[in-house]
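Asks: here is the input, now give the coordinates:
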Amino acid sequence: MPNIKLKVEIQPKGSNVRTVICETSATELYWSMEQILAHHTVNNCIMKSGDLLGTGTVSGLTEKLGSLLEMSFNGTEPVQLSDGVVRSFLEMVIRLS
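Replies: Next comes the predicted model:
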């Protein structure tokens, strides 16, 4: 797996401050790209040029956690951001018309 640097930042709506919540590299991912590709294609799903593959969370085998769900231990321990805002999950705004 190539050593692709990965960084996760969060900037809440209305804030001009970004908080780095995770820095890692592709070598730390739980699944390799080869494993992701094999899982994707095992049931005859054809890959074409330009198709994208997602890794899910960037958590690896080490203590690095790449999602607020993991970092907040399923919302039970909120994460404090640089601007003082506390988050356990991403805020989602739903507008009904």
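Asks: do you know the pLDDT at the residue nearest to Lys7 when sequence neighbours are not counted?
Replies: Beyond its immediate neighbours in the sequence, the residue positioned closest to Lys7 (C-beta to C-beta, 6 or more residues apart in numbering) is Glu23, lying 5.0 Å away. Quick note: C-beta positions are derived from backbone N, CA and C, even for glycine. Among the per-residue scores, Glu23 shows a pLDDT of 82.
Asks: quick check: what element follows the helix or strand containing Glu23 along the chain?
Replies: Here Glu23 is covered by strand 19-25, with elements defined by DSSP states H and E. Moving toward the C-terminus from strand 19-25, the next helix or strand (DSSP H and E) is helix 33-41.
Asks: in that following helix, what counts as buried?
Replies: Within helix 33-41, no residue counts as buried by 16 or more other C-beta atoms under 10 Å.
Asks: quick one: the strands in the chain, in order.
Replies: Listed from the start of the chain, the chain has strands (DSSP state E) covering 5-10, 19-25, 79-80, 86-87.
Asks: using PDB, write out every CA atom in the helix or strand of the chain with the lowest mean pLDDT.
Replies: Each helix and strand of the chain was given a mean pLDDT (mean pLDDT, DSSP states H and E); the minimum falls on helix 68-71 at a mean of 82. Listed in PDB are the C-alpha atoms of helix 68-71, where the atom choice follows Å, rounded to 0.1, in the frame of the first residue of the first chain:
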ATOM      1  CA  LEU A  68     -16.300  10.900  15.400                       C
ATOM      2  CA  LEU A  69     -18.300   7.800  16.200                       C
ATOM      3  CA  GLU A  70     -15.200   5.900  17.200                       C
ATOM      4  CA  MET A  71     -13.500   8.900  18.800                       C
END
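Asks: circling back: how close does the residue nearest to Lys7 sit to Phe89?
Replies: With distances defined as C-beta to C-beta, to the nearest Å, the gap from Glu23 to Phe89 amounts to 21 Å.
Asks: fine by me, thanks again.
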